[in-house]
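# Need coordinates for the below:
(one chain, ligands or ions: 1)
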Amino acid sequence: MGSLGVLTTSVMVCTPLMSQSVEQMVNDMFKAKAQGADVVELRLDCIKNFRPQQELQILLKNKPLPVQIVYRPRWQGGHYEGNERARLEALRLAIEMGADYIDIELKVAFDLMEEHRRTGSSSCKIIVSCFLDKKTSSEDDLSYLVAQMQSTGADIIKLVASATDITETARIFRLLSHCQVPLIAYSTGERGLISQLLGPKFGGVLVYGSIEGNSVPGLPTLDCLRQAYKVEYIDTHTKVYGLISKPVSHSKGPILHNPTFRYVGYNGIYVPMLVDDLKEFFSIYSSPDFAGFSVGIPYKEAVIEFCDEVHPLAQSIGAVNTIIRRPSDGKLVGYNTDCEASITAIEDALKVRSFTNGRASLPSLTGSLFVLVGAGGAGRALAFGAKSRGARVLVFDINFDRAKSLAKAVLGEARPFENLVSLQPGRGSILANATPIGMHPNTDRIPVAEATLGEYELVFDAVYTPRKTTLLKDAEAAGAITVSGVEMFLRQAVGQFNLFTGGKGIFAF
Ligand SMILES: O=C1C[C@@](O)(C(=O)O)C[C@@H](O)[C@@H]1O
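Reported below is the predicted structural model:
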């Protein structure tokens, strides 16, 4: 097992503040400090009717931690629309007044740097920055820009590119690894999030995090960076694990796997990966640094094609939710930890009910009717689990062919989705939802008719955000035993964690 990453003192966590008034900006600086920021970026261009002379003084006098001053013009994606001379004058003033860092755009950097060198006795460090808008830039373009920024003599350079696909972020990692000058580089948006989280592994000097309640897409919160990811422990040896999914932001995987890695002293990080194209993804992130993956909706079946080997259970289910890059030969090996996770969660709930009712015999699924809604990756795992315990599986899916094919594989039955609302399953049946119906943000939907819920002995929902879905609430009201997707989530994650760390039986239920 790897050892915990080395505590790096070089990575700084910075909070961009876009407050609209100076008072709010000062308040937010204190909030950022309390939440773990090392430095704040003050976006002067967001302050309404900003008056540099008076207001810079207030900001710099009251700063509780080092500040980066940014006065971003419209032509670089900011809000400042006024005169360019006045803007540069404000930046000069900030240097004189004791700003710790000034951010200047590449286009104006040569002149300002020259002036700073001539007059410069100040300790203010200059960040030369460049923002690339929507269109994707080639790696050569990016390297050229970095070289240009470096040639200004900047203390730090900053490059921000938008990412239309997670694979574009790999360019950022290569730039970070090769740059001679301290480099801040990241891709924006949800697809670029890993550039923030993994930046320190590849040599990035700064990670951005937002204060609670001011969330920005693609920007983790300070609390998340400090508590879940512990960015200060990420080093070049840190192994990367990620959840490949779309959507991905609902996952609780990062807040479960990261602290657990640390708890057992394993130098790993687990990050959400919003993937659009599996083929492209696996071809780009093929290095041993990317040591393993969880697989979420909608990719659990499709991902099999990209595995070099598939564990027999996952092969028979036809769905993989865990992939390990085998250290000895780099091959991708697929597993399924969903199947045992979901079935044992259901069995344990039945056992608990049986004990509390004082029944002598242990309940079993043998012979029960198992009504499954959703024949995707999670549904397949449930169907195979139920079948292995001797249940009769009845499958519904909006895609009837998909339902039929799963029913055939588990010697069960498929019925058209429209029939689900009128299904009368009979007492003692089990209902399992394996569709995203009811998942955040569309939490008020349920996959079956509420009136039929009273017939089920147990209702399971694979959805775990929210923890208690509307389906589970209604089922509980109808008297059924309910099993939350959180149970399945935790159990599959334990299986995954043991595979990731190679530490057989570290945790078990
Ligand atoms: O179904 C799930 C949940 C999950 O997608 C998540 O949300 O973290 C992770 C998957 O590995 C697992 O099979």
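# so how far is Lys125 from Val459?
Distance, Val459 to Lys125, using Cβ to Cβ, to the nearest Å: 59 Å. (C-beta placed from N, C-alpha, C; glycine too.)
# quick one: which of the two has more around it?
Val459 (27 against 15; other Cβ atoms under 10 Å).
# where does the most centrally placed residue in the chain fall, phi/psi-wise?
By Cα atoms, centre = their mean, the chain has its centre lying nearest to Pro272, at 2.6 Å. Main-chain torsions, Pro272, degrees, to the nearest 10: phi -70, psi 140.
# Name the nearest residue to it, sequence neighbours excluded.
The shortest distance from Pro272 to any residue other than its chain neighbours is 4.3 Å, reached at Val248 (Cβ to Cβ, 6 or more residues apart in numbering).
# Spatially nearest residue to Ser251 (excluding sequence neighbours)?
Residue nearest to Ser251 in three dimensions, not counting chain neighbours: Leu243, with 5.3 Å by Cβ to Cβ, 6+ apart.
# Mind listing the residues bridging to the one you found?
Pro272, Ser294 (DSSP bridges).
# can you pull out the strands in the stretch 351-500 of the chain?
369-373, 392-396, 413-414, 429-433, 456-461, 481-483 (DSSP state E, counting those that start in this stretch).
# now those strands in CSV, with mean pLDDT and distance to the ligand?
Shown next, in CSV, are the strands of the stretch 351-500 of the chain (pLDDT from 0 to 100; distance: least, Cβ to the nearest ligand atom, whole Å):
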stretch, mean pLDDT, distance to the ligand
strand 369-373, 98, 15
strand 392-396, 98, 18
strand 413-414, 98, 22
strand 429-433, 97, 13
strand 456-461, 96, 12
strand 481-483, 97, 14
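# Leu406 is nearest to which of these?
In terms of Cβ to Cβ, the element of those nearest to Leu406 is strand 392-396, at 5.2 Å.
# so that closest one versus strand 369-373, what angle?
In terms of direction (axes from the mean of the first three to the mean of the last three Cα atoms, to 10 degrees), strand 392-396 departs from strand 369-373 by 20 degrees.
# Endpoint to endpoint, stretch 115-129 covers what distance?
Chord length of stretch 115-129, first to last residue, is 17 Å (Cα to Cα, to the nearest Å).
# Do me a favour and average the pLDDT over it.
Stretch 115-129 carries an average pLDDT of 85.
# in it, what's buried?
By neighbour count on 16 or more other Cβ atoms under 10 Å, the buried set for stretch 115-129 is 116, 124, 126-129.
# Tell me how far the closest residue to Phe173 other than its chain neighbours lies from the ligand.
Once flanking residues are discounted, Phe173 sits nearest to Phe202: 4.4 Å by Cβ to Cβ, 6+ apart. Distance, Phe202 to the ligand, using Cβ to the nearest ligand atom, to the nearest Å: 25 Å.
# contacting residues for Phe202?
Listed by Cβ atoms under 8 Å, 6 or more residues apart in numbering, the contact set of Phe202 reads 172-174, 176-177, 236.
# Just among those, which is most surrounded?
Scoring those on neighbours with other Cβ under 10 Å, the highest-scoring entry is Ile172 at 27 neighbours.
# Quick check: it vs Lys158, distance?
Ile172 is 12 Å from Lys158, by Cβ to Cβ.
# Taking strand 369-373 as reference, get the angle to the lengthiest helix in the chain.
Taking DSSP state H as the criterion, the chain has its longest helix at helix 338-356. Using the same axes, to 10 degrees, the inter-axis angle of helix 338-356 relative to strand 369-373 is 130 degrees.
# Helix 338-356 versus strand 456-461: what angle between them?
Calculated by the same axes, to 10 degrees, helix 338-356 forms an angle of 140 degrees with strand 456-461.
# Helix 338-356 near the ligand anywhere?
Yes - on the criterion Cβ under 6 Å from any ligand atom, helix 338-356 is in touch with the ligand at Asp338.
# Buried residues in that helix, which are they?
In helix 338-356, counting by 16+ other Cβ under 10 Å, buried: 338-347, 349-350, 354.
# How about the contacts made by Val393?
370, 372, 383, 386-387, 407, 410-413.
# Which residue comes closest to it once chain neighbours are left out?
Gly412 is the one closest to Val393 (Cβ to Cβ, 6+ apart), at 3.3 Å.
# Can you pull the phi/psi pair for that neighbour?
Note on Gly412: backbone dihedrals following degrees, to the nearest 10 are phi -110, psi -150.
# Would you mind measuring from Leu193 to Phe281?
Taking Cβ to Cβ, one finds Leu193 at 14 Å from Phe281.
# Then Val295?
As judged by Cβ to Cβ, Val295 and Phe281 stand 11 Å apart.
# overlap in contacts of those two?
Ile244.
# out of the two, which sits in the busier spot?
Val295 (30 against 23).
# coming back round to it: farthest-separated two in the contacts of Phe202?
Taking Cβ to Cβ as the measure, the contacts of Phe202 span a maximum distance of 15.7 Å, between Ile172 and Thr236.
# What residues does the residue of the chain found nearest the ligand make contact with?
In the chain, the residue that lies nearest the ligand is Gly296 (2.7 Å; Cβ to the nearest ligand atom). When contacts are counted by Cβ under 8 Å, 6+ apart, Gly296 touches 243-245, 248, 251, 321.
# And for Pro16?
Pro16 sits next to 40-41, 43, 70, 208, 210, 216, 219 when contact means Cβ under 8 Å, 6+ apart.
# want to throw the residues you listed into TSV with neighbour count, pLDDT and distance to Phe261?
Below are the contacts of Pro16 laid out as TSV (neighbours: other Cβ atoms under 10 Å; pLDDT from 0 to 100; distance: Cβ to Cβ, whole Å):
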residue	neighbour count	pLDDT	distance to Phe261
Val40	26	98	29
Glu41	20	97	30
Arg43	22	98	34
Val70	27	98	34
Tyr208	22	96	23
Ser210	22	95	24
Val216	14	76	26
Leu219	23	87	23
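# Sort out which of these are in helices and list them.
Among the contacts of Pro16, no member falls in helices (DSSP H).
# In a markdown table, list these along with distance to the ligand.
Formatted as a markdown table, the contacts of Pro16 follow (distance: Cβ to the nearest ligand atom, whole Å):
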| residue | distance to the ligand |
| --- | --- |
| Val40 | 32 |
| Glu41 | 31 |
| Arg43 | 34 |
| Val70 | 35 |
| Tyr208 | 24 |
| Ser210 | 22 |
| Val216 | 22 |
| Leu219 | 20 |
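# ok, now which ones touch Cys14?
Listed by Cβ under 8 Å, 6+ apart, the contact partners of Cys14 are 37-41, 68, 206-209.
# Which of the residues you listed has the largest number of neighbours?
The residue in the contacts of Cys14 with the most neighbours, by other Cβ under 10 Å, is Ala37 (28 neighbours).
# What degree of burial does the residue nearest to that one when sequence neighbours are not counted show, as a neighbour count?
Once flanking residues are discounted, Ala37 sits nearest to Thr15: 4.3 Å by Cβ to Cβ, 6+ apart. Neighbour count for Thr15, taken as other Cβ under 10 Å: 27.
# Does Ser19 touch Leu44 like I think?
No - in this structure Ser19 lies outside contact range of Leu44 using Cβ atoms under 8 Å: 10.2 Å.
# Looking at the two, which has the bigger crowd around it?
Leu44 (25 against 18).
# what does the stretch 351-500 of the chain put close to the ligand?
Residues of the stretch 351-500 of the chain found near the ligand, taking Cβ under 6 Å from any ligand atom as the criterion, are 378, 489, 492.
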